[in-house]
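Asker: return atomic coordinates for the entry below.
(one chain, ligands or ions: 2)
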Amino acid sequence: MAASASSTMLLSSKTSRASLSWKNQLASTSAFGVPRVSLRHRSHRQCPRFIVLSMDAKPTVLVAEKLGEAGLKLLKEFANVDCSYNLSPEELCTKISLCDALVVRSGTKVTREIFESSGGRLKVVGRAGVGIDNVDLAAATEHGCLVVNAPTANTVAAAEHGIALLTAMARNVAQADASVKSGKWLRNKYVGVSLVGKTLAVMGFGKVGSEVARRAKGLGMHVIAHDPYAPADRARAIGVELVSFDEALASADFISLHMPLTPATKKVLNDETFAKMKKGVRIVNVARGGVIDEEALVRALDAGIVAQAALDVFTEEPPPKDSKLIQHENVTATPHLGASTTEAQEGVAIEVAEAVVGALKGELSATAVNAPMVPAEVLSELKPFVVLAEKLGRLAVQLVAGGSGVKSVKVTYGSARAPDDLDTRLLRAMITKGMIEPISSVFINLVNADFTAKQRGLQISEERILLDGSPESPVEFIQVQIANVESKFASAISDSGEIRVVGRVKDGIPHLTKVGSFEVDVSLEGSIILCSQVDQPGMIGKVGSVLGEENVNVSFMSVGRIAPRKQAVMAIGVDEQPSKESLKRIGEIPAIQEFVYLGL
Ligand SMILES: NC(=O)c1ccc[n+]([C@@H]2O[C@H](COP(=O)([O-])OP(=O)(O)OC[C@H]3O[C@@H](n4cnc5c(N)ncnc54)[C@H](O)[C@@H]3O)[C@@H](O)[C@H]2O)c1
Ligand SMILES: O=C(O)[C@H](O)COP(=O)(O)O
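Answerer: Ligands and ions are numbered 1, 2, ... in the order given. The predicted model follows:
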């Protein structure tokens, strides 16, 4: 970066940061739009911006399907909890406008109508399980509603159920049981097949698929897997060979499905793909009914291509009573029980409740499915930079002169970290949020920031500058440039013609360190006044006394100048918003050429 301003003068605050009172901070919204009120007696260092420390009103959580007690307890400690099961879609739409969060399992379709009916109040949907195919994610994102799930707690339960179905199917357990209970004793009819030495193809080698593979190997099976996204070393570590889709179909004696239901996996087993399988193949499905064309499966069962199927999940749940598939004698069916163990349900309930409460507090979630998902340790390291990113976005956009359309924003991250060791998605989202919120009438949060930016034709490009030195901090500086606009503060235009602001994190506190080509240093804790003038004695005193007269507390002051007595920019951090009269008086100080008040 070019540094044309040669010196920076930093004045200490009259009020120490640690003793700043936030009592009077205006209510605003957290990263996820929940009202954030009264951050009492805390220094900024102690309370990152997206955490709510106290809320005047308890949020309301609607739990629409049965949830484990431990999860309910966690929710009740923080929110009013309304457990209303078996609501019709209409009833759900009516109730939702009174709820801040909704918790569901796979039995509730969270449709666009629900988000529309919420009137903007619904902030979080918690899916107490893995599959989120019952939630309209696009609609959630457009409405700024965070969707979180519970991705880990039911893995073992689902894998165990897969193995239960595999073994029960191979030995006709369900059919034989029904037969004995009806008074029969058909020992010759229910001769099964052995698993040992047979090839099992695991389709979808994620959490559940890997656990199924591990257990199947313990049963002496030869396990192969197909998953276009799974790392080969993970498969190798379990002793599983990753193969192509067609190879899996052609060589498997048993196929176990473990991929999510997505447009790409919908009806992935169909007439064409059944035709590629070994005659007499046996299929287990604990993933989603929709990955199989169920009518084609009936045809394949009738034709003997598929000898047996064991199914926990169905396209329509519950399936119609007269379903040919369910009634087929070679089909074993369970009512979506994969996650239904006592242990898994307690775990899932806690996992989702923690995520919902965290999101309602405004914390960034590690299990978010429609917002940048960042591992907890990275999240904690990035926290101050997240605050910096949002504030730089907010500052930059306020420097744009009215009438200029912001179309193109360039963000530059200076970092000593290797390129693949810095995840900037969260930072970019926060810059976008910071830029759009002050100029938009629509509700913006981290979830819909990218979507809204796209809708408004705002292009955000990113660049990384690899710095020398030790990469202790993930980011050394963040620079935000807005091209092709006029500025209401001409000194914010850099030598290359764009509005430019640069910031750094110092001792955990975000600082503005450059405006246009002027180096300044002001902590981004309150709001900021930028003034430009020819450097001369007494300027700080003059502005300071105007602010002091109406008891506006100055937190930081800094002057960046080309050279002594040359063009300078003064950046003043203030804890309270000065009155219009005071701002007018600052503008009237003879040496001040231009000034701007920037709310943060
Ligand atoms: N029956 C139940 O009660 C139950 C319980 C848990 C999970 N599930 C289902 O199982 C699915 C998997 O759960 P998980 O926890 O293992 O999720 P996961 O995300 O850990 O694993 C899914 C795997 O599928 C892979 N995949 C994606 N597209 C694929 C494709 N076209 N072909 C092959 N593989 C593909 C992914 O790369 C990933 O590795 C969930 O999405 C859910 O629908 C059902
Ligand atoms: O995706 C999942 O986690 C499972 O399908 C479990 O669904 P459930 O919560 O309805 O049991």
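
Asker: would you map the helices across the stretch 101-250 of the chain?
Answerer: In chain order, the stretch 101-250 of the chain shows helices spanning 112-117, 137-142, 155-170, 173-181, 207-218, 232-238, 245-251, with DSSP state H, counting those that start in this stretch as the criterion.

Asker: wait, the stretch 251-400 of the chain
Answerer: Per DSSP H, counting those that start in this stretch, the stretch 251-400 of the chain has helices spanning 271-274, 294-302, 324-327, 342-360, 376-398. These are given in chain order.

Asker: in the last one, what's buried?
Answerer: Neighbour counts over helix 376-398 (16 or more other C-beta atoms under 10 Å) mark 379, 382-398 as buried. (Each C-beta comes from the backbone N, C-alpha and C, glycine too.)

Asker: the first one now?
Answerer: Residues Thr273, Phe274 are the ones in helix 271-274 that count as buried (16+ other C-beta under 10 Å).

Asker: what is that helix packed up against?
Answerer: Packing contacts for helix 271-274, counted by 3 or more C-beta pairs under 8 Å, 6 or more residues apart in numbering; DSSP states H and E, involve helix 294-302.

Asker: give me the contacts around the helix it packs on.
Answerer: Outside of helix 294-302, the residues that reach it under the criterion C-beta atoms under 8 Å, 6 or more residues apart in numbering are 267, 269-271, 274, 277, 283, 306, 308-309, 314-315, 323-325, 328, 330-331.

Asker: quick one, which of the helices of the stretch 101-250 of the chain is nearest to Lys506?
Answerer: Taking C-beta to C-beta as the criterion, helix 137-142 is the member of the helices of the stretch 101-250 of the chain that comes nearest to Lys506, at 34.3 Å.

Asker: that closest one: which residues count as buried?
Answerer: Going through helix 137-142 with 16+ other C-beta under 10 Å, the ones that come out buried are Ala139, Ala140, Thr141, Glu142.

Asker: next one: stretch 243-253
Answerer: Along stretch 243-253, these residues count as buried under the neighbour rule (16+ other C-beta under 10 Å): Val243, Ala248, Leu249, Ala252, Asp253.

Asker: which one of these sits closest to Lys181?
Answerer: Lys181 lies nearest to Asp253 out of these, by C-beta to C-beta, at 29.6 Å.

Asker: for ligand 2, see how far away Gln455 is.
Answerer: Shown here: Gln455 relative to ligand 2, a distance of 31 Å by C-beta to the nearest ligand atom, to the nearest Å.

Asker: just Ile528 next, same as before
Answerer: As defined by C-beta to the nearest ligand atom, Ile528 lies at a distance of 47 Å from ligand 2.

Asker: begin at 44 from here
Answerer: Sounds good: first residue 44 from here, last item Ile571.

Asker: stretch 296-313 close to ligand 1?
Answerer: Yes. Contact of stretch 296-313 with ligand 1 is found when judged by C-beta under 6 Å from any ligand atom, involving His301, Met302, Pro303, Leu304, Ala307, Thr308.

Asker: where is pLDDT lowest across the residues you listed?
Answerer: Among the residues of stretch 296-313 next to ligand 1, Ala307 carries the weakest pLDDT, at 91.

Asker: show me the contacts for that one.
Answerer: For Ala307, the set of contacting residues under the criterion of C-beta under 8 Å, 6+ apart is empty.
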